[in-house]
Every structure is written in C-alpha cells, then in structure tokens.
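1. No letters, just coordinates:
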C-alpha cells in the first residue's frame, strides 16, 4: 500500500498551477501565492499522516484557500490605508500654538506669584504634595503637624492659586451647577 502522501503528491503536482492562480487572485501577489500553496501542501501532507483524507484535492484546495484568506486578513490589519498620509496630516498637532504658550506662561507667572505670597508652611506643604508627589502623611511627618492640617494647608494653596487665576481671567469661570 502506498504511503498516504503519495496520492497527495500526485494531486499536488497536477493542481499546483491552478492553486497558485486561485490564491494569487485572492491575495494579489503571485510570489506569496506560491509560498502559500507550498504551505498548504505541507499542512495537508502532515494531516494525511495522522488521519484519513478521502479527497486530497478538495482538502488541498480548501487549506490553500483558508491560508490565503488568513494572509489577506493579516495584511489588511498590518498595511496602512492608502490615504493614511492624508489622514495623518489631519491629526491635530500636539505642539501648542504661540497664543497658547503665551497664555500658559501668563498663568504660570500668576500662579507662582500667588504661591510666593502664601505663608512658608502653606507653600511648602503645597509644593511637597503637588510637585514632589508626596502623601499627606509624609508631609505631616516632615512638617511636624497633623494630617488634617496638611490637608487644610494644601487646600488653602490650591484656593489661593485658583482665585488669583480667576482674577486674571486665566481660568474659566465655573457655572452655577458645577462642583467646587
């Protein structure tokens, strides 16, 4: 009895050109089609050793077709759209406009001035919390005050900066329904 792949090899030899054309139409690349047809033959020949394949031709065609469809799906995901450059140019530029830069610098100057007018302990608690990212408990231990006092000091600093930014019209006003 011939090995299970002997019939498959004959089918492959007779159907190879037709399979390459079929797969080439599906994926649009003759060279890749050749590779996928070879891969299909290898898959089907491995399967023929493990199980009985009644219709080598049908199994080979279906395997090659599935490989081609999988390849086409992968390429759609990986290949950027033809108009991706145009879409990319439409994306907003992350760089701030000159007007935004001026406004941000003004707001920073006003915030820094407000912080300089605060009592030293209040300013230090705010800086440790906001700039150093420290917890209220860490600040409390370093300043030798209670955690609730640290919370009050940080809140006072935030309020002073916010109020100063509002006075300079550098922070949008809150509506009546918005929370504090």
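-> Everything's here; your move. Bear in mind the structure is a predicted one, so any value in this text is a computation, not a measurement. Numbering: from 1, shown residues only.

2. where in this structure is pLDDT low?
-> By pLDDT under 70, the low-scoring segments of the chain are 1-6, 78-93, 173-180.

3. mind redoing it with 50?
-> 1 (pLDDT under 50).

4. which residues of it fall in strands?
-> For the chain, no strands are identified by DSSP state E.

5. domain ranges for it?
-> Split into domains by automatic domain parsing, the chain comes to 4-88, 98-167.

6. mind putting those in a markdown table, mean neighbour count included?
-> All C-beta atoms are positioned from the backbone trio N, CA, C, and that covers glycine. Compiled in a markdown table, the domains of the chain are given as follows (neighbours: other C-beta atoms under 10 Å):
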| stretch | mean neighbour count |
| --- | --- |
| domain 4-88 | 15 |
| domain 98-167 | 15 |
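
7. Which stretches in the protein count as helices?
-> Secondary structure of the chain (DSSP state H): helices at 4-27, 30-50, 56-78, 84-90, 98-116, 120-130, 136-143, 147-167.

8. what sits up against the second one?
-> The list of residues contacting helix 30-50 from outside it, by C-beta atoms under 8 Å, 6 or more residues apart in numbering, reads 4-5, 8-9, 12, 16, 19-21, 23-24, 26-27, 53, 56, 59-60, 63-64, 67-68, 71.

9. Could you check the angle it makes with helix 4-27?
-> Angle, helix 30-50 to helix 4-27, by axes from the mean of the first three to the mean of the last three C-alpha atoms, to 10 degrees: 150 degrees.

10. Run through who's touching stretch 116-125.
-> The contact list for stretch 116-125, computed with C-beta under 8 Å, 6+ apart, reads 115, 126, 139, 143, 145, 150, 153, 154, 156, 157, 160.

11. Spit out the contact partners of the third one.
-> When contacts are counted by C-beta under 8 Å, 6+ apart, residue 139 is found next to 125, 128, 129, 150, 154.
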